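K.L.:
I need the structure of the sequence given here:
(chains A and B)
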Amino acid sequence: MKRFIVPFLLLFLFVFEGLFTQLFPVDIFNGQYIFVPRFLIIAIFFLTIYGNVKHGIINGFLFGLLFDMVYTEVIGVYFFLFPLSAYLFLKIMKIVQTNIFLVSFVSLICVAFLEAGVYMLNLLIQITSMDFSKFTQIRLVPTLAMNLIFVLFVAYPFKRQFEKFADALRND
Amino acid sequence: MPQFFLNKRLIILLVSIIILVALIGFSIRDRANLSWPEKFVKDTTGWVQSLVATPTQYVVGIFENVKDLQNTYEENKELKKHLEDMARLEAKVYSLEQENSELSEILKIEGSVGDYEPMQATVISRSPDRLWHEMIIVNKGSSHGVEKNMAVMTARGLIGKVKSTTPFTSTIQLLSALDPTNRISAALQGDKKLFGTIEGYDKENEWLLLKGLPIDSEIKEEEMVVTSGLGGVFPGDVPIGKVIEVVPDQFGLNQTAYIKPEADFYNISHVMILTRGMTIPDEVEEDEQVDEENEGDDL
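P.N.:
Sure thing, here's the model as predicted:
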């Protein structure tokens, strides 16, 4: 039973991101800044470190593809960048200690990497022509600030949930 | 050298880059329809999304109702003022409509570009990848009669066009998207009707750009901009916004007007998808297909 909680949690976060974007009060700060919820990828990061590496990367691929199909209609960008940033996260975590504060901090760094990667690819395929400093100002920094708040709330519950998941996998 | 090719990680990276390029190339070319796996996935997630969206919107609705109650008194005053004008306007509209239908009967005109049939739809999700993809997903799809490129509006004005459809959901691209192929034929409602195309969006001020207006025309501020209906897909006379500022374009051959959109691109919960009432004669349609191949999406 515990094994099914994780895919459901990820699916819920996937749907929740869309709903959150729709209901988020954009009028704050005169609608100048764009806050992108990156809850799903943060959960995937926590899954790779506290749960199971293989499951983390595979879920990265699956949800990346789903994200591309449903939310962007440009297939490939997130399909490529979700697993890549999860892999990068894993590489960084091999260097630093795995305490919960560092995990949260590194996951935010990897969210920044993901955002920058998405921006670069969109620049390459000419979906946008915005320059990098403007992108940083109106999207990257507000997004990191909002996801920081999210991480503060969910870091501990995520850790517990994914450790239980890892236990369940080991017992099978 | 053999070491280089045996490096497993490098090969995986190279193969995935090839797949990435192929997939992106496949999906950004101008597609008439989505492939069936995409349709299937979008419909399934659409079902889940509407399961979650319906109760949340109900709860949000309750909060909004409470908020509305707070300024009921002020609003009531304002509305009463409008109401006095209303009766006079209604009588006038009635007689004008009567006159119009009589006259077009005499002249044997059938329908006008301004005819459309609205279809109500509820927003079930919005793309989190904002700024690059300004899209909303609604709960009406091709089985309800929605087609690609239809105009979409809220009660206040035009907000975008249908980007793709699946049997039970459709994706709407908003006018605020930074997509260079997003062009809409528009008309200025001044003393003399002027035509241009809506091309581009100014993110900083949240203004739309109306380009291609003649250089010698005098355009006043606060003039209404509506869709012209000449593109063949959008119906005419759907309000878009009001003129804020007029500047000559970079070569000095045309004028560009900045337009403040009437509709709010943020808090959208219900939309109307417009089906054009008047059909295009066959010959014109063929010509237009040739044009479209040359110029892309000119709506």
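K.L.:
do the stretch of helix or strand B:Gly196 belongs to and chain A meet?
P.N.:
According to DSSP states H and E, B:Gly196 maps onto strand B:193-202. No - using C-beta under 8 Å from any C-beta of the partner chain, strand B:193-202 stays clear of chain A, coming no nearer than 10.6 Å. Where C-beta positions appear, they are placed from N, C-alpha and C, glycine not excepted.
K.L.:
Give the pairing partners of that strand; include direction for each.
P.N.:
Applying DSSP bridges, strand B:193-202 is found paired with strand B:183-189 (antiparallel), strand B:207-214 (antiparallel).
K.L.:
buried stuff in the last one?
P.N.:
Neighbour counts over strand B:207-214 (16 or more other C-beta atoms under 10 Å in any protein chain shown) mark B:Trp207, B:Leu208, B:Leu209, B:Leu210, B:Lys211, B:Gly212, B:Leu213 as buried.
K.L.:
The first one too?
P.N.:
Neighbour-count burial for strand B:183-189 flags B:Arg183, B:Ile184, B:Ser185, B:Ala186, B:Ala187, B:Leu188 (criterion: 16+ other C-beta under 10 Å).
K.L.:
now do stretch B:120-137
P.N.:
Judged by neighbour count (16+ other C-beta under 10 Å), stretch B:120-137 contains these buried residues: B:121, B:123-137.
K.L.:
re earlier: redo the strands paired with strand B:193-202 as a markdown table? Include mean pLDDT.
P.N.:
Formatted as a markdown table, those follow (pLDDT from 0 to 100):
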| stretch | mean pLDDT |
| --- | --- |
| strand B:183-189 | 85 |
| strand B:207-214 | 86 |
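K.L.:
Just send those strands back as JSON lines, with distance to B:Gly61 too.
P.N.:
Listed next are the strands paired with strand B:193-202 as JSON lines, based on distance: least, C-beta to C-beta, whole Å:
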{"stretch": "strand B:183-189", "distance to B:Gly61": "31"}
{"stretch": "strand B:207-214", "distance to B:Gly61": "30"}
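K.L.:
out of those strands, nearest to B:Gly196?
P.N.:
Each of the strands paired with strand B:193-202 has some distance to B:Gly196 by C-beta to C-beta; the shortest is strand B:207-214, at 4.4 Å.
K.L.:
So, low pLDDT: which residues of the chain?
P.N.:
Just so you know, I chose chain A. Low-confidence segments of chain A (pLDDT under 70): A:1-2, A:27.
K.L.:
I was thinking of chain B, sorry if that wasn't clear
P.N.:
Along chain B, segments meeting pLDDT under 70 span B:1-6, B:111, B:113, B:180, B:278-299.
K.L.:
the domain parsing of it - what is it?
P.N.:
B:71-110, B:183-261 (automatic domain parsing).
K.L.:
Which stretches in the stretch 51-200 of chain B count as strands?
P.N.:
Ranges of strands in the stretch 51-200 of chain B, per DSSP state E, counting those that start in this stretch, are B:116-126, B:135-138, B:151-153, B:158-165, B:170-174, B:183-189, B:193-202.
K.L.:
what separates the third one from the chain centre, distance-wise?
P.N.:
Average the C-alpha atoms of strand B:151-153, do the same for its chain, and the two points are 5 Å apart (C-alpha atoms, centre = their mean, to the nearest Å).
K.L.:
helices and strands around that strand, which ones?
P.N.:
In terms of contacts (3 or more C-beta pairs under 8 Å, 6 or more residues apart in numbering or on different chains; DSSP states H and E), strand B:151-153 is packed against strand B:158-165, strand B:270-276.
K.L.:
if you count residues, which helix in chain A comes out on top?
P.N.:
Longest helix in chain A, counting residues (DSSP state H): helix A:141-171.
K.L.:
List the beta-bridge partners for the spatially most central residue of chain B.
P.N.:
Geometric centre of chain B, nearest residue: B:Gly160, 1.3 Å, by C-alpha atoms, centre = their mean. On the basis of DSSP bridges, B:Gly160 is bridged to B:Val152, B:Leu174.
K.L.:
quick one: it and B:Ile172 touch, right?
P.N.:
Yes - counting by C-beta atoms under 8 Å, B:Ile172 is a contact partner of B:Gly160 at 5.0 Å.
K.L.:
How about the residues of the stretch 51-200 of chain B by chain A?
P.N.:
B:52-53, B:56, B:60, B:123-133, B:135-137, B:163-164, B:171, B:178-180.
K.L.:
can you tell me how far B:Asn71 sits from chain A?
P.N.:
According to C-beta to the nearest C-beta, to the nearest Å, B:Asn71 stands 16 Å off from chain A.
K.L.:
wait, I meant B:Val146
P.N.:
Look at B:Val146 and chain A: by C-beta to the nearest C-beta, they are 16 Å apart.
K.L.:
Stretch B:175-195: how far from the chain's middle?
P.N.:
On the basis of C-alpha atoms, centre = their mean, stretch B:175-195 sits 11 Å off its chain's mean C-alpha point.
K.L.:
quick one: which helix or strand includes the residue most central in space within chain A?
P.N.:
By C-alpha atoms, centre = their mean, chain A has its centre lying nearest to A:Ile41, at 1.9 Å. Element membership for A:Ile41, per DSSP H and E: helix A:39-46.
K.L.:
same thing with A:Phe113?
P.N.:
Short version, using DSSP H and E: A:Phe113 is in helix A:100-124.
K.L.:
correct me, but B:Ser185 touches B:Val233?
P.N.:
No - using C-beta under 8 Å, B:Ser185 is not in contact with B:Val233; the gap is 9.4 Å.
K.L.:
got the contact list for the helix holding A:Ile41?
P.N.:
A:9-10, A:13-14, A:16-17, A:20, A:56, A:59-60, A:63, A:67, A:82, A:85-86, A:89, A:103, A:106-107, A:110-111, A:114, A:147, A:150-151, A:154-155, A:158-159, A:162 (C-beta atoms under 8 Å, 6 or more residues apart in numbering or on different chains).
K.L.:
B:Ala53: neighbour count?
P.N.:
24 (other C-beta atoms under 10 Å in any protein chain shown).
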